[in-house]
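K.L.:
fold the following for me, if possible:
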Amino acid sequence: MKKQILSIFLIFFFSFNCLSQNGINVSFSNPSNNQNFALNAPLGVTVDASDSDGRITNVRLFLDNTLIRQENGAPYEWGADNSNQADAGLQNLAQGSYTLKAIATDNSGASEETSISISVGTPTTTSGIAVSFSNPNNNQNFALNAPVGVTVDASDSNGNISNVRLFLDNTLI
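P.N.:
Prediction:
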């Protein structure tokens with residue numbers, strides 16, 4: 001079976017401010033938004049969190065608004081990404097769609113949250129084509145006028161990828 005992976009790296013210069021008001025930046029590094037998992041596959045979660053004007057004191061992970069566990073120090077890892085914790089809420093998930101939410105809190109009590117969607121046992125494509133962003137992370141924040149790198153991975157288990165088009169606010173880039 002032919003498989004071709006196509007990575008495109010584009011740099012854009014945005015003129016808007018995406019930093020949160022409290023200096024906290026929180027994002028999922030694993031899994032990626034809309035990632036599909038096989039039934040009974042181990043689910044691992046890793047969250048990146050930082051605070052430009054203080055320090056992160058904890059990150060709480062929720063699955064469909066149910067608290068999985070709070071991590072009080074980096075690395076912020078749960079399930080299969082953390083061999084020291086069982087995290088039963090992330091094991092043996094039934095087929096369906098789920099929302100993962102991470103809430104990071106800093107030393108002054110301010111917090112910022114981010115969410116992604118995942119699915120279990122549900123194929124994301126039927127054509128063999130898979131497309132995902134490997135950079136930037138979902139809900140990642142950027143400083144005003146900072147360059148933003150975009151990496152898109154595309155593969156086709158049934159053939160070759162002939163092109164990838166990238167849109168920003170419904171405008172072809």
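
K.L.:
any idea how far residue 108 is from residue 53?
P.N.:
8 Å (Cβ to Cβ, to the nearest Å). Any C-beta I mention is one placed from the backbone N, CA and C, and that applies to glycine too.

K.L.:
who has more neighbours, the two?
P.N.:
Regarding residue 53 and residue 108, a neighbour count based on other Cβ atoms under 10 Å identifies residue 108 as having more, with 14 against 11.

K.L.:
the nearest residue to the more buried one once chain neighbours are set aside: what's it in contact with?
P.N.:
Once flanking residues are discounted, residue 108 sits nearest to residue 54: 5.8 Å by Cβ to Cβ, 6 or more residues apart in numbering. Taking Cβ atoms under 8 Å, 6 or more residues apart in numbering as the criterion, residue 54 is in contact with 23, 106, 107, 108.

K.L.:
and the second one, how many residues sit next to it?
P.N.:
Burial measure for residue 106: 21 neighbouring residues, criterion other Cβ under 10 Å.

K.L.:
rewinding a little: between all of the contacts of residue 54, which two are separated the most?
P.N.:
Using Cβ to Cβ, the contacts of residue 54 span at most 10.9 Å, a distance reached by 23 and 107.

K.L.:
these two: which is more packed in?
P.N.:
Neighbour count, other Cβ under 10 Å: between residue 23 and residue 107, residue 23 has more, with 16 against 11.
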